[in-house]
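S.K.: No letters, just coordinates:
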């Protein structure tokens with residue numbers, strides 16, 4: 001008998017089940033839905049995915065994408081699935097997005113609520129001159145899924161053109177995966193220059209779009225759905241509250257003193273074992289958290305021009321530049337100088 005509990009262990013980042021259900025529906029429309037195989041892969045019944053705020057482990061969701069590519073024989077399955085516009089399968093965050101007053105407000109909400117969609121990928125927003133940049137950064141290489149990222153970009157663009165602005169234009173796009181054999185599909189769907197093998201996945205569009213009003217929006221739907229998603233987000237944030245506190249402490253102390261569990265535990269008025277146990281309940285290990293903070297700061301510092309690379313190495317607690325360079329290449333696949341050259345022209 002199949003288990004009906006889709007809950008992950010605390011160490012598993014989760015995704016909204018609405019995206020998984022949309023992929024299941026796409027396979028059904030193609031006549032490729034094998035219910036027993038998919039339920040075994042997801043370790044739950046398909047009925048369990050239908051609750052509005054249901055979630056499941058990101059790893060299972062990504063395994064379903066690999067299965068979908070294999071069973072359809074379509075390497076661009078993510079791009080093609082994202083072209084399907086179905087209001088009934090947009091999920092709670094989608095209904096918030098398309099009932100905002102303007103595209104600018106919608107994008108802001110999308111970034112704020114993105115952890116509800118996928119906890120394994122961070123989304124950020126910045127405006128540089130007249131360009132708006134959206135950046136998707138997986139928290140680890142294991143959580144970067146080419147098919148899911150394809151679907152994310154294709155769905156975002158297809159829905160925006162369908163519901164908001166039919167002539168919406170992306171100026172350029174960068175993909176974090178190597179160039180696949182279907183580059184023509186990116187050009188057809190995105191309609192812009194696309195580069196591959198970038199440190200993160202990014203798109204750029206003109207800031208004038210932010211003022212564009214969203215037609216057929218419903219203030220009632222917006223208010224009702226936003227209340228529900230804020231409740232779900234509050235539960236997730238409460239679950240992660242302690243690790244955020246420790247993350248801030250690590251960030252403050254990184255350049256001034258050696259980061260060790262004993263000193264941080266003492267500042268939190270607890271033993272080292274209790275510190276480890278509290279972090280484990282939120283799905284994190286202490287050394288993993290230190291590494292995350294160091295990586296996030298490194299990407300931000302290297303992309304800017306405020307500090308020389310040697311200064312960045314010192315600020316992040318490395319004994320010498322060569323050690324920092326090795327760590328940075330392990331995180332991103334490129335040397336710090338190369339990353340800076342690729343990104344500095346787009347830094348505020």
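M.R.: Yep, it's here. Just so it is clear, the structure is predicted and the values come from calculations on it, not from any experiment.
S.K.: which residues of the stretch 1-150 of the chain fall in strands?
M.R.: With DSSP state E, counting those that start in this stretch as the criterion, the stretch 1-150 of the chain has strands at 14-16, 55-57, 121-128, 131-138.
S.K.: what packs against the second one?
M.R.: For strand 55-57, the helices and strands in contact under the criterion 3 or more CB pairs under 8 Å, 6 or more residues apart in numbering; DSSP states H and E are strand 14-16, helix 17-29. Glycine gets a C-beta too; all of them are placed from N, C-alpha and C.
S.K.: Show me what the longest one is in contact with.
M.R.: If I follow you right, that is helix 17-29. 6, 33, 38, 42, 46, 48-52, 54-56, 60-61, 64-65, 68, 71-72, 81, 84, 86, 89-92, 94, 117-118, 148, 151 (CB atoms under 8 Å, 6 or more residues apart in numbering).
S.K.: Put the buried members of the residues you listed into a ChimeraX selection.
M.R.: Applied in ChimeraX, the following selects the buried portion of the contacts of helix 17-29 according to 16 or more other CB atoms under 10 Å:
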select :6,38,42,46,48,49,54,55,56,60,61,64,65,68,71,72,81,84,89,90,91,92,94,117,118,148,151
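S.K.: what stretches of the protein score poorly on pLDDT?
M.R.: Where the chain drops to pLDDT under 70, the residues are 1-12, 236-240, 255-257, 283, 343-348.
S.K.: and the gap between the residue nearest to the spatial centre of it and residue 142?
M.R.: For the chain, the residue nearest the mean C-alpha position is residue 121 (2.3 Å; CA atoms, centre = their mean). Distance from residue 121 to residue 142, counting by CB to CB, to the nearest Å: 12 Å.
S.K.: Now do the contacts for residue 212.
M.R.: 102-103, 164-165.
S.K.: hmm, 10 Å instead?
M.R.: By CB atoms under 10 Å, 6 or more residues apart in numbering, the contact set of residue 212 is 102-104, 106, 160, 164-165, 168.
S.K.: Tell me the secondary structure of residue 294, please.
M.R.: The local conformation at residue 294, judged by DSSP: H, G, I helix; E, B strand; the rest coil, is helix.
S.K.: what's the burial count for the closest residue to it other than its chain neighbours?
M.R.: Once flanking residues are discounted, residue 294 sits nearest to residue 316: 5.2 Å by CB to CB, 6 or more residues apart in numbering. Here the number of neighbours of residue 316 (other CB atoms under 10 Å) works out to 19.
S.K.: For residue 316, give me its contacts.
M.R.: For residue 316, the contact set (CB under 10 Å, 6+ apart) comprises 254-255, 293-295, 297-298, 301, 323-324, 327-328.
S.K.: In a markdown table: these, plus distance to residue 125.
M.R.: A markdown table is the format used below for the contacts of residue 316 (distance: CB to CB, whole Å):
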| residue | distance to residue 125 |
| --- | --- |
| 254 | 25 |
| 255 | 27 |
| 293 | 21 |
| 294 | 23 |
| 295 | 20 |
| 297 | 19 |
| 298 | 20 |
| 301 | 19 |
| 323 | 32 |
| 324 | 28 |
| 327 | 27 |
| 328 | 24 |
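S.K.: In PyMOL, how would I select just the buried ones from the residues you listed?
M.R.: To isolate the buried subset of these in PyMOL, counting by 16+ other CB under 10 Å, use the following:
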select buried, resi 254+293+294+295+297+298+301+324+327+328
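S.K.: Can I get the contacts of residue 316 in JSON lines including secondary structure and distance to residue 213?
M.R.: Output for the contacts of residue 316, formatted as JSON lines (DSSP: H, G, I helix; E, B strand; the rest coil; distance: CB to CB, whole Å):
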{"residue": "254", "secondary structure": "coil", "distance to residue 213": "44"}
{"residue": "255", "secondary structure": "coil", "distance to residue 213": "45"}
{"residue": "293", "secondary structure": "helix", "distance to residue 213": "40"}
{"residue": "294", "secondary structure": "helix", "distance to residue 213": "42"}
{"residue": "295", "secondary structure": "helix", "distance to residue 213": "39"}
{"residue": "297", "secondary structure": "helix", "distance to residue 213": "38"}
{"residue": "298", "secondary structure": "helix", "distance to residue 213": "40"}
{"residue": "301", "secondary structure": "helix", "distance to residue 213": "38"}
{"residue": "323", "secondary structure": "helix", "distance to residue 213": "52"}
{"residue": "324", "secondary structure": "helix", "distance to residue 213": "47"}
{"residue": "327", "secondary structure": "helix", "distance to residue 213": "46"}
{"residue": "328", "secondary structure": "helix", "distance to residue 213": "43"}
